[in-house]
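Asker: Quick one, fold the following:
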Amino acid sequence: MNKTNLVSLRIITSDIKRLVKFYEQATEATAKWSTDDFAEILSNSFTLAIGSNRTLAFFGEGTAEPAANRSVIIEFLVENVDDDYERIKDLTHEIVQKPTTMPWGNRSLLFRDPDGNLINFFTPVNEQAKNKFA
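Answerer: This is a model prediction of the structure:
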């Protein structure tokens, strides 16, 4: 077993209340706020942390830039991506890809959060993909 375990992903934003509300609605989970500048969406396997750009003062100038990501996809395993699409399409202004079955066996919905970060909601649909996430 690897001694290094990924436990969270942090998004830096200039509008933390808006972004936390979006992720609460998208994931149907309630965020845990530590301060006015930091909140977390917790799941059984992972934490999505959301920090305001004011938290960057602790890391040093220029370490991160809100709403500048075009290389990371935040992925959520969901029970039924088609059902979630009906809810998500009214939550975001940018559906990148409606639910589509991918060659590797996941049915996938791609959309962007208010800061432009790419999100993938997916449901395994073939046996190989289902076994991977069982």
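Asker: contacting residues around the residue nearest to T55 when sequence neighbours are not counted?
Answerer: Excluding its sequence neighbours, the residue lying closest to T55 (C-beta to C-beta, 6 or more residues apart in numbering) is D37, at 5.2 Å. For the C-beta atoms, the positions are set from N, CA and C on the backbone; glycine is no exception. For D37, the contact set (C-beta atoms under 8 Å, 6 or more residues apart in numbering) comprises I16, G51, S52, R54, T55.
Asker: Got the phi and psi for D37?
Answerer: phi -110, psi 10 (degrees, to the nearest 10).
Asker: Over to R87?
Answerer: According to degrees, to the nearest 10, R87 has phi -80, psi -40.
Asker: do the same with T63
Answerer: phi -70, psi -30.
Asker: Please enumerate the helices of the chain.
Answerer: 16-27, 81-88, 127-132 (DSSP state H).
Asker: Run through this protein and note the low-pLDDT ranges.
Answerer: Along the chain, the model assigns pLDDT under 70 to residues 1.
Asker: Can you say which of the helices of the chain is packed in most?
Answerer: Scoring the helices of the chain by mean neighbour count under mean count of other C-beta atoms under 10 Å gives helix 16-27 as the most buried, with a mean of 18.
Asker: what inclination does that helix have with respect to helix 81-88?
Answerer: On the basis of axes from the mean of the first three to the mean of the last three C-alpha atoms, to 10 degrees, helix 16-27 is oriented at 140 degrees to helix 81-88.
Asker: Please shift the residue numbers so they start at 74 in all later answers.
Answerer: Sure, I'll start numbering at 74, so the last one becomes helix 89-100.
Asker: neighbouring contacts of helix 89-100?
Answerer: By C-beta under 8 Å, 6+ apart, helix 89-100 touches 84, 86, 102-104, 106, 109-112, 114, 116, 121, 123-125, 149, 161, 164-165, 186-188, 192.
Asker: Please compute how far it lies from its chain's middle.
Answerer: How far helix 89-100 lies from its chain's middle: 10 Å, per C-alpha atoms, centre = their mean, to the nearest Å.
Asker: residues making contact with stretch 153-170?
Answerer: For stretch 153-170, the external contacting residues (C-beta under 8 Å, 6+ apart) are 95, 98-99, 151, 171-172, 180-187, 189, 191, 194-196.
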